[in-house]
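S.K.: Next comes the sequence, and after it the predicted model I'd like to discuss.
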Amino acid sequence: MLMYFKFPLNDVKAFMSINEEWPFELFCESLTYDLFSTHWEVRHGAAIGLREVLRQHAGGAGRTPGMDTAQQEGATQRYLEDIALRTTCVLALDKFGDFVSDEVVAPVRESCAQALGIVLSVMREDAVVSVMNILITLLRQEQWEARHGALLGLKYLLAVRKELTAKLLPEVFPSVFAGLQDSCDDVSAVSAAALAPVADDIVNFLPDQVTSLITCLWDLLLDLDDLTAATNSMMSLLSSLLANSHVSYTHRGAELHELVPRLWPFLGHSIKSVRRSALATLQTLVAMENTEPPVNVWLPQVLQEALRTLFQRCIVESNQETQ
């Protein structure tokens, strides 16, 4: 192992001329075995190790001297596909979770999803689509941990392959949208977290789905409370969608003066980011020009309650920026 440190990390050719293999071959092979350890700490450490090595060297993984350019690229893609399958298996099988405050912390699945995201960032398009299909299949599993891991993988997939968003998002959206209504709060939380970074893309590429998505989020607010893990993610997603200037929104079955009061409980939420997301949503609605009915119709009906609630929150708010 000491031989790994005789050359700078970027001096790959010098190392390969002596060892006739990718410098990190043995090290990464050991980490891939550790991904399936019975101890979660070992699995977690292996996922972090793979993530950091591939972050810098994924483009040269699996190559050996004597190959032409096409052969080298093929070797790299085969190696990355193998890593993608292994990390996906961990997302499907790992069941370790801990709870901090109101949210589940799944360090093994989170780190594996991050490593998978790095691998997907340099994989061929057809291989990326294949991994996406596997993750969508995992969402049909009965174990909530498998659905949670699949959504983590999809979250990082959408984040790293922005150039494929127009192709991937229509395939991914129905499954992630269904995840918002999952019986497990932690699954619905990561579903909202997966959609929040691509809120603008949903408006651009799936305009017909925007109203249904916003309606679903408004309805879900009725079931959220201080102990619901999805509260923060859903409030952020709702705020992001409403902030888009292209959204023209009318709720089915309820007027805005009936919907806006659903935000009041979240203005006093114990988590600062939830309070800020609720404020951002309210601020966005007040500033919107394309709501139906218009602002000057629905706002006067809730103005007194809104001013009273905001004044009370200003008095007791502990965070200066939020105040």
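M.R.: That came through, no problem. Numbering: from 1, shown residues only.
S.K.: Now do the contacts for Leu138.
M.R.: By C-beta atoms under 8 Å, 6 or more residues apart in numbering, the residues touching Leu138 are Thr88, Leu91, Ala92, Ala146, Arg147, Gly149, Ala150. For the C-beta atoms, the positions are set from N, CA and C on the backbone; glycine is no exception.
S.K.: biggest separation within these, which pair?
M.R.: The distance between the two most remote of the contacts of Leu138 (C-beta to C-beta) is 13.5 Å, for Thr88 and Arg147.
S.K.: Pick out whichever of those two has more residues nearby.
M.R.: Arg147 (25 against 21; other C-beta atoms under 10 Å).
S.K.: Which helix or which strand is home to the more buried one?
M.R.: Assigned by DSSP states H and E, Arg147 falls within helix 144-160.
S.K.: which other helices and strands contact that helix?
M.R.: When contacts are defined as 3 or more C-beta pairs under 8 Å, 6 or more residues apart in numbering; DSSP states H and E, helix 144-160 sits against helix 69-93, helix 107-120, helix 125-138, helix 165-180, helix 185-195.
S.K.: For Cys216, find the nearest of those helices.
M.R.: helix 165-180 (6.1 Å).
S.K.: residues of that closest one that come out buried?
M.R.: For helix 165-180, burial by neighbour count (16 or more other C-beta atoms under 10 Å) applies to Thr165, Leu168, Leu169, Val172, Phe173, Ser175, Val176, Phe177, Gly179, Leu180.
S.K.: what about stretch 157-170, how long is it end to end?
M.R.: The first residue of stretch 157-170 is 13 Å away from its last residue (C-alpha to C-alpha, to the nearest Å).
S.K.: quick one: average pLDDT of it?
M.R.: Taken as a whole, stretch 157-170 has an average pLDDT of 94.
S.K.: What ranges in the stretch 1-150 of the chain fall below the confidence cut-off?
M.R.: Within the stretch 1-150 of the chain, the stretches with pLDDT under 70 are 1-20, 99-104.
S.K.: For the helix or strand harbouring Ala306, which helices and strands make contact with it?
M.R.: Ala306 belongs to helix 295-316 when elements are defined using DSSP H and E. If you count contacts as 3+ C-beta pairs under 8 Å, 6+ apart, helix 295-316 packs onto helix 256-259, helix 264-267, helix 272-287.
S.K.: Show me what the longest one is packed against.
M.R.: Counting contacts by 3+ C-beta pairs under 8 Å, 6+ apart, the secondary-structure elements packed against helix 272-287 are helix 231-243, helix 264-267, helix 295-316.
S.K.: possible to save the helices and strands packed on helix 295-316 as a markdown table with mean neighbour count and mean pLDDT?
M.R.: Listed next are the helices and strands packed on helix 295-316 as a markdown table, based on neighbours: other C-beta atoms under 10 Å; pLDDT from 0 to 100:
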| stretch | mean neighbour count | mean pLDDT |
| --- | --- | --- |
| helix 256-259 | 18 | 86 |
| helix 264-267 | 19 | 90 |
| helix 272-287 | 19 | 86 |
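S.K.: Once you drop chain neighbours, what's closest to Tyr33?
M.R.: Excluding the flanking residues, the one nearest Tyr33 by C-beta to C-beta, 6 or more residues apart in numbering is Ala46, at 8.0 Å.
S.K.: buried residues in the strand or helix carrying that neighbour?
M.R.: Using DSSP H and E, Ala46 maps to helix 40-57. Residues 40, 42-51, 53-54, 57 are the ones in helix 40-57 that count as buried (16+ other C-beta under 10 Å).
S.K.: can you give me the angle that helix makes with helix 107-120?
M.R.: For helix 40-57 against helix 107-120, the angle by axes from the mean of the first three to the mean of the last three C-alpha atoms, to 10 degrees is 20 degrees.
S.K.: Which neighbouring elements make contact with helix 40-57?
M.R.: Contact here means 3+ C-beta pairs under 8 Å, 6+ apart; on that basis helix 40-57 packs against helix 25-34, helix 69-93, helix 107-120.
S.K.: so of those, which one's packed in deepest?
M.R.: For the helices and strands packed on helix 40-57, the largest average neighbour count (mean count of other C-beta atoms under 10 Å) is found in helix 107-120, namely a mean of 26.
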